[in-house]
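mind folding the following:
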Amino acid sequence: MNRNMKVKKVLSIIQWVSFSFFLVLWLAVGINFICGNYDIQTLVYVASFFAVCTFFCCFINVTMYAKCPACGGKLFGRSNYCPHCGVKLKEKQ
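Residues are numbered from 1 along each chain as shown. Modelled structure (predicted):
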């Protein structure tokens, strides 16, 4: 596994951990609402902001900055061929 794939995998893990953190945080807030506690602390907003920012930063890095395994050129979108060298890219399963 090359370095680019390792970084992409780590970013994907960080992305989903931050998304899970966001969901658990707001699930706890929802449970408090159901119990009649309508006091939302500022910490909830700050933590949510950082979780959402982390999620989208990782998402952008994983999807927008993929590199061709043959030439190292940047790949944009989900193309089947490298726009720089023309090598057929492996399909994700």
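
paired strands for the helix or strand bottoming out on mean pLDDT in the chain, with orientation please.
Every helix and strand of the chain was ranked by mean pLDDT, DSSP states H and E. The lowest is strand 66-67, at a mean of 76. Strand 66-67 has these partner strands in its sheet, going by DSSP bridges: strand 74-75 (antiparallel).

what sits up against the partner strand?
With contact meaning C-beta atoms under 8 Å, 6 or more residues apart in numbering, strand 74-75 is reached by 65-68, 82-83, 89. From N, CA and C alone the C-beta is placed, and that goes for glycine too.

now that strand: average pLDDT?
Average pLDDT, strand 74-75: 80.

so the closest residue to residue 87 other than its chain neighbours: helix, strand or coil?
In space, and not counting its chain neighbours, residue 87 is closest to residue 70: 4.3 Å by C-beta to C-beta, 6 or more residues apart in numbering. Three-state assignment for residue 70 (DSSP: H, G, I helix; E, B strand; the rest coil): coil.

ok, back up a step: of the contacts of strand 74-75, buried ones?
66-68, 82 (16 or more other C-beta atoms under 10 Å).

what is the neighbour count of the residue nearest to residue 87?
13 (other C-beta atoms under 10 Å).

please apply the same query to residue 29.
Around residue 29 there are 17 residues (other C-beta under 10 Å).

thought it was touching residue 41?
No. Residue 29 is beyond contact range of residue 41, at 9.2 Å (criterion: C-beta atoms under 8 Å).

okay, and the residue located most distally from the centre of the chain sits in which element?
Distance from the C-alpha centroid of the chain, by C-alpha atoms, centre = their mean, peaks at residue 36 (33.7 Å). For residue 36, there is no host helix or strand (DSSP states H and E).
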